[in-house]
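>>> Sequence first, predicted coordinates after that:
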Amino acid sequence: MVGGPIDAYVASLRGALRGPRGAKADLVREARDSLFDAAEHYEQDGFDRAEAERLAVDEFGDVHELAPDYQRELALAQARRTALLVALAVAAQTIVSEIAWRTAATTWSWQPDRFYTILANTVDYASYVVFAGALLAAATCGIGTRFLVVGRPFAHATGIAAITVVGFFLLGGAVLSLLSPAWHTAVPGATPLDMASAAITAALPAWMVYSGFRCIRAAALPAPA
């Protein structure tokens, strides 16, 4: 039955939810399959198809009542993805920056002052803390839900944290670059390593911010059905 009560219900549920496309599709598909199974049972009891679908929908519950639970799952799925992205991005940035720094420093006789050393160490240690914290957040949104009550507020906080992390490292990295000899030394030509470093430095923060905002959006209450 095309365009029946189940199709209308599924369309309404799909429109109310926000989150990762794959996870959302899986949830909607599960709901649709459950509705069709229920409708088939009603048909076996003698109801026609249209009435069977209406009864299945009524039994399943209103979209506005079920959507918050579905949205919680989607918010946690997005938070898990965001946390893993932050962990991988920070690790990649740290490795690339360290390689680039060691390669460039072979031609320097410059010694950093106390402020530069403290700031560099702060950024380094912060990257370790963020990496560990991001992995912990990802685990909390996954297997951690078996032991902890985790919901949309945690996903919202994960999104805010991802955006904050980007701001911190961009600011810290910018200050370190401005104070380093590399900023004031003419470079004859960009090496493949320089280009790769620049590409990663530009792409990863933008991706993290985008994922952070998606996290915040998924953590909001479902849209009215």
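Thanks, I have the structure now.
>>> which residues sit in contact with the most centrally placed residue in the chain?
What sits nearest the mean C-alpha location of the chain, by C-alpha atoms, centre = their mean, is T82, with 2.4 Å. Residues in contact with T82, defined by C-beta atoms under 8 Å, 6 or more residues apart in numbering, are 158-159, 162, 208, 211-212, 214-215. Backbone N, C-alpha and C define where each C-beta goes, glycine included.
>>> Top of those by number of neighbours, please.
The most crowded member of those, judged by other C-beta atoms under 10 Å, is C215 (31 neighbours).
>>> picking up where we left off before, secondary structure element holding the residue nearest to the centre of the chain?
helix 63-105 (DSSP states H and E).
>>> Enumerate the positions of the helix or strand that that helix is followed by that are buried.
Later in the chain than helix 63-105, the nearest helix or strand by DSSP H and E is helix 114-141. Neighbour counts over helix 114-141 (16 or more other C-beta atoms under 10 Å) mark 120, 123, 127, 130-131, 133-135, 137-138, 140-141 as buried.
>>> TSV for those, including pLDDT and distance to P5?
Formatted as TSV, the buried residues of helix 114-141 follow (pLDDT from 0 to 100; distance: C-beta to C-beta, whole Å):
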residue	pLDDT	distance to P5
A120	89	63
V123	92	57
S127	94	53
V130	97	48
F131	96	49
G133	97	46
A134	97	43
L135	97	44
A137	96	40
A138	96	39
T140	95	38
C141	94	34
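>>> pLDDT weak spots in this structure?
Filtered on pLDDT under 70, the chain yields the residue ranges 1-2, 100-110, 181-198, 223-225.
>>> Break it into its domains for me.
Annotated domains of the chain cover 5-61, 77-219 [automatic domain parsing].
>>> From the contacts of T82, which land in helices?
158-159, 162, 208, 211-212, 214-215 (DSSP state H).
>>> Most remote residue from the middle of the protein, which is it?
Largest separation from the mean C-alpha position in the chain: G46, at 47.2 Å (C-alpha atoms, centre = their mean).
>>> Return the distance of that residue relative to F115.
82 Å (C-beta to C-beta, to the nearest Å).
>>> same thing with T82?
Separation of T82 from F115 (C-beta to C-beta) stands at 33 Å.
>>> same deal with V129?
V129 sits 21 Å away from F115, taking C-beta to C-beta as the criterion.
>>> just to revisit the earlier point, nearest to A25 among the contacts of T82?
A25 lies nearest to R214 out of the contacts of T82, by C-beta to C-beta, at 15.8 Å.
>>> Tell me who's in contact with A67.
For A67, the contacting residues are 13, 16-17, 222, 225, by C-beta under 8 Å, 6+ apart.
>>> Mark which of those are part of helices, please.
The helices, defined by DSSP H, take in 13, 16 from these.
>>> Can you select the buried ones among the contacts of A67 for me in ChimeraX?
This is how ChimeraX selects the buried members of these, with burial counted by 16+ other C-beta under 10 Å:
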select :13,16,17,222,225
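>>> I'd like the contacts of A67 as CSV, with distance to L170 appended.
Output for those, formatted as CSV (distance: C-beta to C-beta, whole Å):
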residue, distance to L170
L13, 39
A16, 35
L17, 32
P222, 33
A225, 39
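>>> from the buried residues of helix 114-141, which is closest to A25?
Set against A25, the nearest of the buried residues of helix 114-141 by C-beta to C-beta is C141 (19.0 Å).
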